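Q: fold the stuff below for me.
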Amino acid sequence: MLGRALEAMCQDMLEGVKEVDPLPDVPSAAPKKVTKKYISLSEVIERLRASKVIDDRLYDWSQQLRAFRNIAAHAQDVAISRQDAEDLQSFVYAIVEYVYDLADRYDEFKGRTKPSAKPQN
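A: As a prediction, the model looks like this:
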């Protein structure tokens, strides 16, 4: 569940990553068909790091969550400790807050504290 939440946030940050394909047997002036392209969680996280939406620390943390997600999804008789589950939940909350809230708040703060061209009396 936490891995899916991370995946949804990543996809949203990449604005759904769309691939445009022309319709078959239709002149080039015709509208284009837009289809979603599936991108793996690993690739989406890498794209977020490359575009500086997340930093290296958040990237590393997301890799841990991705690894736990893969273990839970593909293995049988897997035991994940309560502490690990709580840490992973804290991470998902933290990255979502960082990406959606703190980045905007920081930009607003920078805008308010930017030195103005005219000194105020």
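Q: in this structure, where is pLDDT below threshold?
A: Applying pLDDT under 70 to the chain picks out residues 15-37, 116-121.
Q: tell me where it has strands.
A: 18-21, 33-36 (DSSP state E).
Q: tell me the helices in the protein, going along the chain?
A: In the chain, the helices defined using DSSP state H lie at 2-13, 41-50, 56-74, 82-96, 103-113.
Q: need the ones you listed in CSV (columns: mean neighbour count).
A: The C-beta positions use only the backbone N, C-alpha and C, and glycine is treated the same way. Shown next, in CSV, are the helices of the chain (neighbours: other C-beta atoms under 10 Å):
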stretch, mean neighbour count
helix 2-13, 17
helix 41-50, 17
helix 56-74, 14
helix 82-96, 14
helix 103-113, 10
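Q: ok, now which ones touch the nearest residue to Ile54 once chain neighbours are set aside?
A: Among residues not flanking Ile54 along the chain, Leu48 sits closest, at 4.9 Å (C-beta to C-beta, 6 or more residues apart in numbering). Leu48 makes contacts with 10, 13-14, 54, 59, as judged by C-beta atoms under 8 Å, 6 or more residues apart in numbering.
Q: among those, which two are most distant?
A: Greatest spacing in the contacts of Leu48, by C-beta to C-beta: Leu14 and Tyr59 (14.7 Å).
Q: about what we covered before: could the contacts of Leu48 be laid out in TSV, adding distance to Arg105?
A: Listed next are those as TSV, based on distance: C-beta to C-beta, whole Å:
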residue	distance to Arg105
Cys10	21
Met13	17
Leu14	22
Ile54	16
Tyr59	21
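Q: nearest to Asp77 among those?
A: For the contacts of Leu48, the nearest to Asp77 is Cys10 (29.1 Å; C-beta to C-beta).
Q: how close does that closest one get to Ala79?
A: From Cys10 over to Ala79 the distance is 27 Å, taken as C-beta to C-beta, to the nearest Å.
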